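K.L.:
structure for this input, please:
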Amino acid sequence: MSSNFALSLRILDHFSESDSHYSFDKMLVPNRIFDAMVEKSESLDGVHKKNFEYLVYIVNTVYRRYQIAFNLALKHHWKIDIDKWAVPIYSKIYDRIIGSNYLEYVHILEEWGIIGRSRSYIKGSKDIPGKCKHYWFTKPFLTYVQRYLHTRAQEEAGDIEKRQGGVHVIMATNQFLYRKLADRAEEVHCEQMKLPEIKELYEDLTHFSVDEEKSYDILGEMVSSGAITADRMTSELNKVRLFNSYATDKYALYCKRDAYGRVHTNITQMKKEIRKNCITCDGKKTVEIDIKSSQGAFLYRVLDRYISNFDDREHIVISYTGGIAEPYWDGGNKWDHIQDFLCELDAYRTLLVSGHLYEYFLEYVNKTLHVNVDRNKVKKEFLTCLFCGRFYSRKKHKLVAAIQKLWQEKFPNLYKAIQIIKRGHYSELAHELQRTESHLIFSVVYRRIKDELHCPVCTVHDSIIVAAEYASRAKQIFDDALKELQIPTFTEQEQMEALIGDTFVADKTLTS
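P.N.:
Residues are numbered from 1 along each chain as shown. Okay, the predicted model is just below:
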C-alpha cells in the first residue's frame, strides 16, 4: 500500500498522542466493520475474546485518523487517491493503552482482513519527532469507511449512530482499558495545564457560555436559507452543548496549543454567527475584535523580516529553506533588485493600511475574467494561492491563475520571495504566519489585556472576545500592539445584536 509522504506529515502535525481527550470513553467504528468483528470474534480464544475492546480500540484509532485526514484534504485542497490512503499511528499509543502485547491484537485484525500495516517506518516532522508505521483499512472495508466519513463534532457528541449509514458508538466497559484511557486523558490535560498561558486561557473559558436557544434559532435560519445543511446544524448545536457542559465535565473544555503556536478551543471551532451572537461572559454581552485582512498583514511582516535577513543587502544569510544562502534574483544589479523589492513591499503596505487589499485583487479578477465574484471568494483563493502547493484542483482555477498573474505583474519580487520561503515545504509560509499571529495574540495582546483590564479573554486565532464593557480599551490595546510590531493593519469591532426576520442587525466599527 503506497501512501503520500506530505499527507502523512501533515496528519502527524495535527495529532497529539491521543485523540479528543474529552471523549476518551467513546470508541467509534462503522457498523459494517463492527458487525464483521463481532462475527469473527467467535473464533477468538478466551483471553482475546475477553479483551475484544482492544480490537475495537485499534480500529477506532485508524478510523478517527481517516476522519481527520479526510477533513484536512478538503481544507487544503489535497488531491489524494482515497484508495491509497494510509494513516500514521505511533506504536507507543497502543503500547501505552493496550500494553506491550498490542501486536497480538494488530495481527488478529490483519488476519481478519480489516486493516493493513506497513512494514517500514516514516519519520515525524521537526516539531513532532519520532517514527511510526502506516495503517489502513483493506479495500473491502474501505468502501464503508469512505461512505460514513463525518465531522469531528458529531463524533464527540456521541449522536452519530443516528446518522444515515451508521457508526457504532462503543462505550469503554473493559475496566483496564477504561482506566488507561482515562489516565491518558488526565495526562494530556495536565500537560496542557503546565503551559501558563494555556492554563490561564482555560480558566478564562469557564467565564464564557453560549446561548443554546439563540444558537438554534440562528442555525435554523441558516438551514432555511441554504447556507448550511440540517446535519451541519446538528453538529454545530452539539459543539454548543459540549462547551456548556464543562461545569460537570472538565474534559468538555478543549484548549490546546499546536506545534506552530495557534491555540484551538471549543469556541474557535464554532460558526462565526454563533460567536458573534450567542456568547456571553459572566452573563454579559460580548464583542469580538478582529484584524482586518489579518493573513495579508502577517504576510507583510514575514516579508519585511525576510528582506531584513540580508547581509549588506547582498545575499540571504538566514532563509526559510533551512539556513541555505540563496539569492532571490536571477541576475543584474543586486541593489536594484532590493530597491524594487522594497518599493513593492511599500505598495503592498499601502493596500493593507487602506483596508482594500482583497478589493484590489477582486477588481482585477472581475475585470480580467469578466466575472462577478464576491470578496469572500477572492479572499479564499488569495489564501489558496499563497499557502497551498500544487495539489489544488485545476478545475477552479482560472481564478487562482488570475491572482497569481497579478502577483507576478505587480509584486514580482515579493512573489518570488514567497516561492523561496515555500521551497523547503509549501506549508512553511502558513506556519510562519501562524507563529507571527501567535506572538501577537498571546505574547502581546492577550498578556496586556489581562495585566491592564484584569478581565476574561477568549482568543479565536487572530481575534479576541471580551465583555462589551471592556471592548473599547481592549481594542485600543490591540491597535497599539499592531503598530508596535509594525503590522500595517487595524482592528474591526463587530457585534451582531439580534436576528430579525431573515436579516442580521450589526453594529460594526472600523478604526484605522
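
K.L.:
quick one: contacts for the residue nearest to Val460 when sequence neighbours are not counted?
P.N.:
Spatial nearest neighbour of Val460, excluding adjacent residues (Cβ to Cβ, 6 or more residues apart in numbering): Thr268 at 5.2 Å. From N, CA and C alone the C-beta is placed, and that goes for glycine too. Counting by Cβ atoms under 8 Å, 6 or more residues apart in numbering, Thr268 touches 459-461.

K.L.:
state the distance from Thr268 to Thr384.
P.N.:
Distance, Thr268 to Thr384, using Cβ to Cβ, to the nearest Å: 21 Å.

K.L.:
now do Leu342
P.N.:
For Leu342 relative to Thr384 (Cβ to Cβ), the value is 27 Å.

K.L.:
go on, Tyr135?
P.N.:
Taking Cβ to Cβ, one finds Tyr135 at 30 Å from Thr384.

K.L.:
likewise Cys190?
P.N.:
To Thr384, Cys190 is 38 Å away according to Cβ to Cβ.

K.L.:
next one: Ile198
P.N.:
Taken as Cβ to Cβ, the spacing of Ile198 relative to Thr384 amounts to 31 Å.

K.L.:
can you name the element that comes right after the longest helix along the chain?
P.N.:
Determined from DSSP state H, the single longest helix within the chain is helix 52-76. Per DSSP states H and E, the first helix or strand lying C-terminal to helix 52-76 is strand 87-89.

K.L.:
which strands border that following strand, and is each parallel or antiparallel?
P.N.:
Sheet pairing of strand 87-89 (DSSP bridges) gives strand 131-137 (antiparallel).

K.L.:
average model confidence for the strand it pairs with?
P.N.:
The pLDDT scores in strand 131-137 average 80.

K.L.:
quick check: angle from it to helix 52-76?
P.N.:
Inter-element angle recorded for strand 131-137 and helix 52-76: 90 degrees (by axes from the mean of the first three to the mean of the last three Cα atoms, to 10 degrees).

K.L.:
next one: strand 131-137 to chain centre, how far?
P.N.:
Here strand 131-137 is found 22 Å from its chain centre; the criterion is Cα atoms, centre = their mean, to the nearest Å.

K.L.:
go on, stretch 87-100?
P.N.:
Using Cα atoms, centre = their mean, the offset of stretch 87-100 from its chain centre is 24 Å.

K.L.:
what does stretch 273-292 give?
P.N.:
Its chain's average C-alpha position is 21 Å from that of stretch 273-292, according to Cα atoms, centre = their mean.

K.L.:
quick one: buried residues of that stretch?
P.N.:
Neighbour counts over stretch 273-292 (16 or more other Cβ atoms under 10 Å) mark 273-281, 286-292 as buried.

K.L.:
widest-spaced pair of those?
P.N.:
The most widely separated members of the buried residues of stretch 273-292, counting by Cβ to Cβ, are Thr280 and Lys292 (25.5 Å).

K.L.:
hang on, the earlier thing: Leu342 and Thr384: which is more packed in?
P.N.:
Applying other Cβ atoms under 10 Å to Leu342 and Thr384 shows that Thr384 carries more neighbours, namely 17 against 14.

K.L.:
shouldn't that one be within a helix?
P.N.:
Yes - with DSSP: H, G, I helix; E, B strand; the rest coil as the criterion, Thr384 is part of a helix.

K.L.:
so it makes contact with Gln404?
P.N.:
No - with contact defined as Cβ atoms under 8 Å, Thr384 does not count as touching Gln404 (10.1 Å).

K.L.:
on the pLDDT front, check Tyr328 for me.
P.N.:
Confidence score, pLDDT, at Tyr328: 48.

K.L.:
go on, Ala69?
P.N.:
In this prediction, Ala69 has a pLDDT value of 73.

K.L.:
report the separation between it and His134.
P.N.:
Ala69 sits 11 Å away from His134, going by Cβ to Cβ.

K.L.:
what is in contact with those two at once?
P.N.:
Joint contacts of Ala69 and His134 (Cβ under 8 Å, 6+ apart) are Val87.

K.L.:
isn't Leu453 right up against Tyr470?
P.N.:
Yes - at 5.2 Å, Leu453 counts as touching Tyr470 under the criterion of Cβ under 8 Å.

K.L.:
Ile403 touches Val378, doesn't it?
P.N.:
Yes - with contact defined as Cβ under 8 Å, Ile403 counts as touching Val378 (7.4 Å).

K.L.:
intersection of neighbour lists for the two?
P.N.:
What both Ile403 and Val378 touch, as defined by Cβ under 8 Å, 6+ apart, is the set 361, 365.

K.L.:
apart from its chain neighbours, what residue comes closest to Asn60?
P.N.:
Of all residues not flanking Asn60 in the chain, Met27 sits nearest, at 4.0 Å (Cβ to Cβ, 6+ apart).

K.L.:
the stretch of helix or strand that neighbour belongs to vs strand 131-137, what angle?
P.N.:
In this structure, Met27 sits in strand 26-30 according to DSSP H and E. Calculated by the same axes, to 10 degrees, strand 26-30 forms an angle of 50 degrees with strand 131-137.

K.L.:
tell me what the very next helix or strand once past strand 26-30 is packed against?
P.N.:
Next in sequence after strand 26-30, counting helices and strands by DSSP H and E, comes helix 31-40. Judged by 3 or more Cβ pairs under 8 Å, 6 or more residues apart in numbering; DSSP states H and E, helix 31-40 is in contact with helix 52-76, helix 102-112, helix 139-147, strand 167-171.

K.L.:
could you dump the ones you listed to a markdown table with mean neighbour count and distance to His356?
P.N.:
Putting the helices and strands packed on helix 31-40 into a markdown table (neighbours: other Cβ atoms under 10 Å; distance: least, Cβ to Cβ, whole Å) gives the following:
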| stretch | mean neighbour count | distance to His356 |
| --- | --- | --- |
| helix 52-76 | 20 | 27 |
| helix 102-112 | 17 | 56 |
| helix 139-147 | 16 | 43 |
| strand 167-171 | 18 | 47 |
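
K.L.:
out of the ones you listed, which is closest to Tyr202?
P.N.:
Taking Cβ to Cβ, helix 52-76 is the member of these nearest to Tyr202, at 22.9 Å.

K.L.:
thinking again about what came up before, ok, the strand holding Met27: who's next to it in the sheet?
P.N.:
strand 167-171 (antiparallel).

K.L.:
now do the partner strand against helix 31-40, angle only.
P.N.:
Strand 167-171 runs at 60 degrees relative to helix 31-40, counting by the same axes, to 10 degrees.

K.L.:
what sits against Arg349?
P.N.:
300, 488.

K.L.:
quick one, phi psi at the residue nearest to Val460?
P.N.:
phi -70, psi -20 (degrees, to the nearest 10).
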